[in-house]
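Undergrad: Curious how this folds, go ahead:
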Amino acid sequence: MTDHSHEPADIHARISNPPGRGLLRDMIYGGIDGSVTTFAIVAGVAGAGLSPFIIVALGLANVLADGFSMAAGNYSATKSELDNARRLRKVEAAHIDRFPDGEREEVREILRQKGLEGTVLEDATNAITARRETWIDLMMEGEYGLSNVDPHPLRAAWATFAAFMVAGLVPLLPFIFGMGEGAFTISAVMTMVVFFAIGAAKSIWSLAPWWYSALETLVIGGAAAGMAFGVGTLFHP
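TA: This next block holds a predicted model:
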């Protein structure tokens, strides 16, 4: 559990500048997908009995192309979220201009569901609706469930790409350094360690025990790798 100061000045600074969702989701997403997809290629090609050179070539192509594709996709998706939030803010602003009484009643209902009632409810409704931007902020959260902290599309894309590159290169290292016949076994072990480490690190931001989160990620990644290897063996000469 993270402790923080409850001094009035510190509370004001913290509440005034919320961190938002951060880059955790993007890094976990990129890291797991980088490990899974690259090792899936390694397992599939190795299962087909092809040369280490082909494994490295296809693996590097995947890390670069798929990593960039994921980053671009995450950028577009995050930007779409941001654009949608901006659109909804304009919708709410227009509703306030056209239907102020109805929008004021929506504010009252949002506050009522938060536990306010009586004079306190009316005073809070009047105070919030007296400030246009505060009014819109409350409607964005209460009516649409959207945070007032904007995501950062470019940061999300870079976090996804970096995590994908780092985790995705791990399965290729034994082949890049020419570790011979045992390269695939070493690659499999290293990849499983990456899955386990990502899961364990993910538990820092979760209520689940670290070992449960680690094993969960290990099982998911291992299942994907096992399926790829199984398909590859079907084409073994």
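Undergrad: Follow the chain on from the worst-scoring helix or strand of the chain on mean pLDDT and name the next helix or strand.
TA: Least confident helix or strand, the chain: helix 8-16 with a mean of 73, by mean pLDDT, DSSP states H and E. Per DSSP states H and E, the first helix or strand lying C-terminal to helix 8-16 is helix 24-47.
Undergrad: Does anything pack onto that following helix? Which helices or strands?
TA: helix 52-98, helix 153-169, helix 183-202, helix 210-233 (3 or more C-beta pairs under 8 Å, 6 or more residues apart in numbering; DSSP states H and E). Where C-beta positions appear, they are placed from N, C-alpha and C, glycine not excepted.
Undergrad: which regions of the chain lie under the pLDDT threshold?
TA: Judged by pLDDT under 70, the chain has its weakly predicted residues at 1-3, 12, 16, 18-22, 149, 232, 235-237.
Undergrad: sorry, back to before: closest to residue 44 out of the helices and strands packed on helix 24-47?
TA: Proximity to residue 44 (C-beta to C-beta) singles out helix 210-233 among the helices and strands packed on helix 24-47, at 3.8 Å.
Undergrad: so how far is that closest one off the chain centroid?
TA: 20 Å (C-alpha atoms, centre = their mean, to the nearest Å).
Undergrad: again, but for stretch 32-41
TA: Stretch 32-41 sits 17 Å away from the centroid of its parent chain (C-alpha atoms, centre = their mean).
Undergrad: who's in contact with it?
TA: With C-beta atoms under 8 Å, 6 or more residues apart in numbering as the test, stretch 32-41 has contacts from 55, 58-59, 62-63, 66-67, 70, 163-172, 187-188, 191, 194-195, 198, 217, 220-221, 224-225, 227-228.
Undergrad: State the distance from residue 124 to residue 84.
TA: Here residue 124 is placed at a distance of 28 Å from residue 84 (C-beta to C-beta, to the nearest Å).
Undergrad: Compare neighbour counts for those two and give me the winner.
TA: Higher neighbour count among residue 124 and residue 84: residue 124, with 17 against 12, using other C-beta atoms under 10 Å.
Undergrad: Pretty sure that one sits against residue 116.
TA: Yes. Applying C-beta atoms under 8 Å as the test, residue 124 and residue 116 come out as touching, 5.6 Å apart.
Undergrad: so which of the helices and strands packed on helix 24-47 is the most packed in?
TA: Burial of the helices and strands packed on helix 24-47 is given as mean neighbour count (mean count of other C-beta atoms under 10 Å); helix 153-169 ranks first at a mean of 22.
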